[in-house]
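# here is my input, please return the structure:
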Amino acid sequence: MKLGFLAPVALAISLLGPAASAQDRSSPTVEKIVARGVLLCAGHNGSNLGFAEVDNKGQWKGFDVDICRAVATAILGSPDKAKFIPISWAQRWSSLDSGDVDLLVKTNDATMSRDTDLGFQLSIPYLYGAFQLMVHKDLNLTNAAGLKGGTICTSAGTNNASYLDTFLRDKKIDAKVLTFEKREEELGAYTSKRCDAEMNWGPTLAVMRSSQPNPDDNVILPDVITLAPEVIIVKENDDHFLDVVNWTFEALLVAEDNGVTQANVDQMRDNPPNPVVAKLLGKIPGMGKRLGLSSDGWAYNVVKSLGNYGEIYDRSLGKNSPYKLDRGVNSLFRNGGLFVPMIID
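Reported below is the predicted structural model:
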């Protein structure tokens, strides 16, 4: 194994000096999670297909579930250390505020009010999606203007109704809006044609479309109501916990960008192709201390347990899932998407 590239990196680390090495990176939230032995995550009171759903064995699965498991793995060493608490959309704020959950990975739109008014902090975006409308094909609609006089379903306890109201007013479309707490009831109302249209986040619409008796009988209209970045939400006043959350997500992107997968992570750790991978997987020490974590191999554990970002996406939402959602804007920048991994230096 050739490790010649490690020497200058190690020298650079040594030149950071005592101030950097002595910096306290402890987090009250991480300490509480470690003492408890589990990370408390928000599930859903029903199934949010593709994001948080329970399989026929009673196990949670989905994109948001795996992102939360990644954080649990970074802190506690195992994805099994994530415990999911079923809560509704409306309950999520009080659940986080009360400590019933440690963080919210629940397709939360990044909004100013959530950052400034609710006493929470937002992570960097971990997913992007457009809000659109799905309609029954037999209505022969080509755009949202045809919904004048119709009925539109959407989710309660979210910003969906507000986005939809603004859109309808701007486009001068007079339509009735029905909101539902449970996604199953919302989908049932659309399927039974109680609603002419379903308004939701693009990935959610595609998942809902795939669950219809005949998916081809449903059309997602081209109108974009708004584009929203999805973020993880934590309580304020613990920046070091937010660092752990953000860098866990970034580790997934860095792994994908460098070709590190669940299948080859051991080989990559033993023979890292570059200093970034060597640091990421703990071959060069320091990744744990920088975040106040006990192990330099926390990112290795994450990728070994769950795969990189692309693998999680494909398994939960993309080509290896029942929903076959193209990654689109959720691809890495080099593939035409919006994600640019941060730099591990």
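
# excluding chain neighbours, what is closest to Leu338?
Nearest non-adjacent residue to Leu338, counting by C-beta to C-beta, 6 or more residues apart in numbering: Val329, 4.9 Å away. All C-beta spots, glycine's among them, are computed from the backbone N, C-alpha and C.

# right, and the one you found touches Gly337 too?
Yes: using C-beta atoms under 8 Å, Val329 is in contact with Gly337, at 5.5 Å.

# what about Glu53, which SS state?
Following DSSP: H, G, I helix; E, B strand; the rest coil, we place Glu53 in the strand state.

# state the number of residues packed around the closest residue to it other than its chain neighbours.
Once flanking residues are discounted, Glu53 sits nearest to Ser47: 4.1 Å by C-beta to C-beta, 6+ apart. The number of residues packed near Ser47 is 19, by other C-beta atoms under 10 Å.

# okay, now the unreliable bits of the protein?
For the chain, the stretches flagged by pLDDT under 70 are 1-22.

# part of a helix, is the residue nearest to Leu338?
Yes: assessed by three-state DSSP, Val329 belongs to a helix.

# so which helix or strand takes in Ser94?
Assigned by DSSP states H and E, Ser94 belongs to helix 92-98.

# quick check: the residue nearest to Glu53 touching Asn56?
No: using C-beta under 8 Å, Ser47 makes no contact with Asn56, being 11.9 Å away.

# what sits against the nearest residue to Ser94 once chain neighbours are set aside?
Closest residue to Ser94 apart from its sequence neighbours, by C-beta to C-beta, 6+ apart: Asp100 at 8.0 Å. Under the criterion of C-beta atoms under 8 Å, 6 or more residues apart in numbering, the neighbours of Asp100 are 40, 85, 87, 94.

# how much space separates Asp100 from Leu306?
From Asp100 across to Leu306, the span is 24 Å (C-beta to C-beta, to the nearest Å).

# tell me where the stretch 201-345 of the chain has helices.
202-210, 239-257, 265-270, 275-280, 287-291, 298-306, 309-316 (DSSP state H, counting those that start in this stretch).

# who's in contact with the first one?
Same thing as helix 202-210. Here helix 202-210 makes contact (C-beta under 8 Å, 6+ apart) with 48-51, 107, 127, 129-134, 187, 190, 198, 200, 215, 218, 220, 317, 322-325.

# gap between the closest residue to Asp216 other than its chain neighbours and Arg334?
Ranked by C-beta to C-beta, 6+ apart and with sequence neighbours excluded, the top spatial neighbour of Asp216 is Lys137, at 7.2 Å. Remark: distance between Lys137 and Arg334 (C-beta to C-beta) = 36 Å.

# would you mind telling me which of those two has more residues around it?
Regarding Lys137 and Arg334, a neighbour count based on other C-beta under 10 Å identifies Lys137 as having more, with 12 against 9.

# got a list of what the more buried one touches?
By C-beta under 8 Å, 6+ apart, the contact set of Lys137 is 216-219.

# my guess is Asp97 contacts Gln91, does it?
No: counting by C-beta under 8 Å, Gln91 is not a contact partner of Asp97; they are 10.6 Å apart.

# need the contact list for the residue nearest to Glu53.
Residues near Ser47 by C-beta under 8 Å, 6+ apart: 53-54, 183-184.

# return stretch 50-67 as CSV; C-alpha atoms alone will do.
Extracted C-alpha coordinates of stretch 50-67, given in CSV (Å, rounded to 0.1, in the frame of the first residue of the first chain):
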residue,chain,number,x,y,z
GLY,A,50,-40.7,6.6,0.1
PHE,A,51,-39.7,8.6,3.1
ALA,A,52,-41.0,7.0,6.3
GLU,A,53,-43.0,3.8,6.0
VAL,A,54,-43.3,0.6,7.9
ASP,A,55,-42.8,-2.7,6.0
ASN,A,56,-44.7,-6.0,6.5
LYS,A,57,-42.2,-7.0,9.2
GLY,A,58,-42.9,-3.8,11.2
GLN,A,59,-39.6,-2.2,10.3
TRP,A,60,-39.2,1.5,9.4
LYS,A,61,-37.8,2.2,6.0
GLY,A,62,-37.5,5.1,3.6
PHE,A,63,-35.3,8.1,2.6
ASP,A,64,-35.9,10.2,5.8
VAL,A,65,-35.5,7.0,7.9
ASP,A,66,-32.1,6.2,6.5
ILE,A,67,-30.9,9.8,6.8
